[in-house]
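Undergrad: Mind folding the following:
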Amino acid sequence: MKSKGFTIIELLVVITVISILVGIAVPRIKGMQDEANRTKAQAETKTIKAAIESYYINQSPNAYPASSTTICASTLNSASPLIISEALADPFRTGGAEYNYIRSANGLYYVVFSYGIDAAADITGISDSGVLQGTNDDDIYATNGTGF
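TA: This next block holds a predicted model:
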């Protein structure tokens, strides 16, 4: 007489196949998540750059905001006209930390950047000639300078 249920071998084969499929799918999902965060950071750094330029135009005399780790919350979301109404959080940093903002010593150039996938700040500053300082790794940035 044949039984109508599954044998233990059949169950083990099914569990093995499912675990292999999950092992293939999880890294792909992580990669898609990183790509979505990268796209978000690119869009938000461009938005912050537009807000900084608006801030500059509406200052008398014209000036970029001072370097700050909370550029959105402390300066841009209270500027007139209002372009950013709330602080934007870097998707690659934990705890809702904002994007980094650094102004050159002469006040003519700036960079807004995200830490990138490695969650480490590779950009360390911007020179008085607009050249970024640090390592050109995976940081996502917007600048009025020349870049690296």
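Undergrad: any idea which helix or strand carries residue 52?
TA: Here residue 52 sits within helix 8-57, counting by DSSP states H and E.
Undergrad: Going by contacts, tell me the helices and strands next to that helix.
TA: helix 71-74, strand 110-114, strand 140-143 (3 or more Cβ pairs under 8 Å, 6 or more residues apart in numbering; DSSP states H and E). Glycine gets a C-beta too; all of them are placed from N, C-alpha and C.
Undergrad: Go again with 6 Å.
TA: strand 110-114, strand 140-143 (3 or more Cβ pairs under 6 Å, 6 or more residues apart in numbering; DSSP states H and E).
Undergrad: could I get the ones you listed as JSON lines with mean pLDDT and distance to residue 74?
TA: JSON lines is the format used below for the helices and strands packed on helix 8-57 (pLDDT from 0 to 100; distance: least, Cβ to Cβ, whole Å):
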{"stretch": "strand 110-114", "mean pLDDT": "95", "distance to residue 74": "14"}
{"stretch": "strand 140-143", "mean pLDDT": "96", "distance to residue 74": "19"}
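Undergrad: In CSV: the ones you listed, plus mean neighbour count and distance to residue 40.
TA: Compiled in CSV, the helices and strands packed on helix 8-57 are given as follows (neighbours: other Cβ atoms under 10 Å; distance: least, Cβ to Cβ, whole Å):
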stretch, mean neighbour count, distance to residue 40
strand 110-114, 26, 9
strand 140-143, 23, 9
